[in-house]
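Novice: Using only what follows, build the 3D model:
(one chain, ligands or ions: 1)
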Amino acid sequence: MQRHINRGNLPLDGYIPEELLDRIRGSQDIADVISRHVSLKKSGQNYVGLCPFHSEKTPSFIVSPLKQLFHCFGCGTGGNVITFLMKYEKMPFIDVVKRMAVDAGIRIANITNNIGADSAGGNEKKKNLLEANKLAAEYYHDILIKSNEGAIARTYLSERGVALESIERFNIGYSSNSWDKAGEYLGKRGISKEVLAEAGIIIQKGKGEGYYDRFRGRVMLPIYDRYKMLVGFGGRVLDGTTPKYLNSPETPLFSKRQLLYGLDLAQNYIRESGYAIIVEGYMDVIVAHQAGIQNVVGTLGTALTGNHLRSLSRFTNEVILTFDSDTAGINAARRSVELFLNSEVTAKVLLLPAGEDPDSYIRKAGKTSFLELLKNAKGIIEFEIERIIENWSNRDQSESIDSRVRVAEECLTLIRKINNRVERDYYLKKVAKEIRTSEEVLRAELVRRKKPGGKSPDSAGVDKPSHNGGMKNKPGVEEMVLLLILKDLNLRKIAGGILTDEDFADSQLREAGRYLLNTDKELHDIINDLTCQDAVKDVISRVGMYDLHFDSPERTLIDCTKVLQRNRLEGEFKRLEKEISAAESSGMYDRIRGLQVEMQQLHQKRRFLFENN
Ligand SMILES: [Zn+2]
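Specialist: Sure thing, here's the model as predicted:
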């Protein structure tokens, strides 16, 4: 077996010795780091949660504080704390390591601040856009605070009760009522027109015809993502110009369907309070935070999406949606029902008094009164069922059999989607009472109309994490071999004398086997090895998660390798038999002779491996 040349951990701009990497990795606990982004529950020695790298409803994402590893048994992603941050924050290895080192106060010599050329492209572009946004926000903020032009916006904000402290906290600004001031100013600060246009700060008039400022005469509200990166702007007019609110266009940084205004400031409060309040407007967020209700985030003028819920679910599984109690508000609330039925996040709906939004209500009535109001928030399914029944009872002939059957069916459609039996019973009783029918009839209907082949509500969500710390699978023989040689370098040497990677039938495990049999690296050094393929690291991290005790590891290894070799031989026998019979049926006698020789060799090999030992 040939040892391949291993560059070790050699990023383009510097070399970090493994022991230093170990120190950096050890400076942060993996469970602490991941729980900042994923909601984790304790399960035995491990933590389990919903995987942030694929969409799932039952948790298969496991974090082991003992091993300092994570692994998702759903999508196969795994690794250590560095891998997690690389994948989660989409940052190159070297950047994650540098950041962790800085956080831990560990100095790394010889590493410049330049990101390696291979990670340029996308990253370089994002960096430029972030820089453009940052300078633009400073520029807008200065106009608001310092200039005469900004007076009109200062007056507006103070009339809306926005304190100076909030202006600073949300970094609010004002864009001058001019066609080119922002573009010119930022151009002088060294940002190219192309970058400014891509960031959506200026707009090209036509090909080769110059540019103009997107935001003119607007109160500027910088929008940050949850990492506190300034990714875009919302701008509100001060006169009757439309649109009233203008957002940055979609850019590599800015996606309205994902971002929530204020999440950068609200995330810790959301985690602490256990729920998030979702409002519709920028002012609602600012005023709520100012009043000390800080678990509030806002959508950016779009309906709530699954992406929004996914980013919130890192902090909580419970949200309260606020709507005006006018028809538009009620319809908006009803439109989001479907979204929550398909999500792990549960929602309550708070209807504010007609004509009010959170901003106006909080300014008038204050924090305590708003919090009091929150207690009236209803579960979104209850809310929807009430609407259905209300609409029905307002109809003429609501008492007719036909109309009652229809309203019952509408309600049952919702109730069927509730997974929790207690909750389902509660709603059945409620609906039965409201439409004056017997509960038994409804219950029978519920069962009868269950879609054939579909999951019944009872069977949904029952596959609980097993007692094995949430791990669902037991390792197969091939994985067992990998596990043994991963943990013990001595065994790795022994295996190297018996096995080749060809003995692994599974192609992914074979790659991992090949890698392991050719290296002396230990678990975390492999995961930090930049020359090692991701697919191999995923396998290694999964195998590394297994907790198995072997009385005699060496004996187990030998037994396992025998199984692998026998399986491989059996496979070869089958293949040869097929080829021989194919050659026979087409009369290729030379070929048959050759194959028969191969067959004899195979028999010899089998005797040698399994009979002489
Ligand atoms: Zn996953």
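Novice: which residues are in contact with stretch 535-542?
Specialist: The set of residues external to stretch 535-542 that reach it, using CB atoms under 8 Å, 6 or more residues apart in numbering, is 69-71, 73, 76-80, 83, 479, 482, 486, 508-509, 511-512, 515-516, 523, 526-527. For every residue, glycine as well, the C-beta is placed using N, CA and C.
Novice: Stretch 224-235 now?
Specialist: Contact partners of stretch 224-235, identified using CB under 8 Å, 6+ apart, comprise 89, 130, 133-134, 136-137, 140, 171, 175, 200-201, 214-215, 218-223, 245-248, 251, 253-254, 259, 261, 263-264, 267, 282, 300-301, 311, 314.
Novice: what's the following helix or strand after the helix or strand where residue 422 lies?
Specialist: Residue 422 belongs to helix 421-434 when assigned by DSSP states H and E. The helix or strand immediately downstream of helix 421-434 is helix 439-448, counting by DSSP H and E.
Novice: Give me the buried stretch members for the helix or strand following that next one, please.
Specialist: The helix or strand immediately downstream of helix 439-448 is helix 477-487, counting by DSSP H and E. Residues of helix 477-487 classed as buried: 477, 478, 479, 480, 481, 482, 483, 484, 485, 486, 487 (neighbour count, 16 or more other CB atoms under 10 Å).
Novice: Model confidence at the first one, what's the number?
Specialist: This means residue 477. Looking at residue 477, its pLDDT is 84.
Novice: That one against residue 563, yeah?
Specialist: Yes. Taking CB atoms under 8 Å as the definition, residue 477 is a contact partner of residue 563 at 4.9 Å.
Novice: Can you say which of the contacts of stretch 224-235 are buried?
Specialist: The neighbour-count test (16+ other CB under 10 Å) marks 133, 136-137, 140, 171, 175, 200-201, 214-215, 218-223, 245-248, 251, 253-254, 259, 261, 263-264, 267, 282, 300-301, 311, 314 as buried among those.
Novice: Can you flag which of those residues belong to strands?
Specialist: When DSSP state E is applied, the buried ones among the contacts of stretch 224-235 are split such that 175, 218, 219, 220, 221, 222, 223, 245, 246, 247 fall in strands.
Novice: TSV please, covering those and showing pLDDT.
Specialist: Shown next, in TSV, are those (pLDDT from 0 to 100):
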residue	pLDDT
175	97
218	97
219	97
220	98
221	98
222	98
223	97
245	91
246	93
247	94
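Novice: out of those residues, who's nearest the ion?
Specialist: Within those, the smallest distance to the ion is 28.4 Å, found for residue 223 (CB to the ion).
Novice: so that closest one bridges to which residues?
Specialist: Beta-bridge partners of residue 223, counted by DSSP bridges, are residue 232.
Novice: Closest to residue 319 out of the buried residues of helix 477-487?
Specialist: Among these, residue 479 lies closest to residue 319 (CB to CB), at 40.0 Å.
Novice: picking that back up, does anything pack onto the helix holding residue 422? Which helices or strands?
Specialist: Under the contact definition 3 or more CB pairs under 8 Å, 6 or more residues apart in numbering; DSSP states H and E, helix 421-434 sits against helix 380-394, helix 401-416, helix 439-448.
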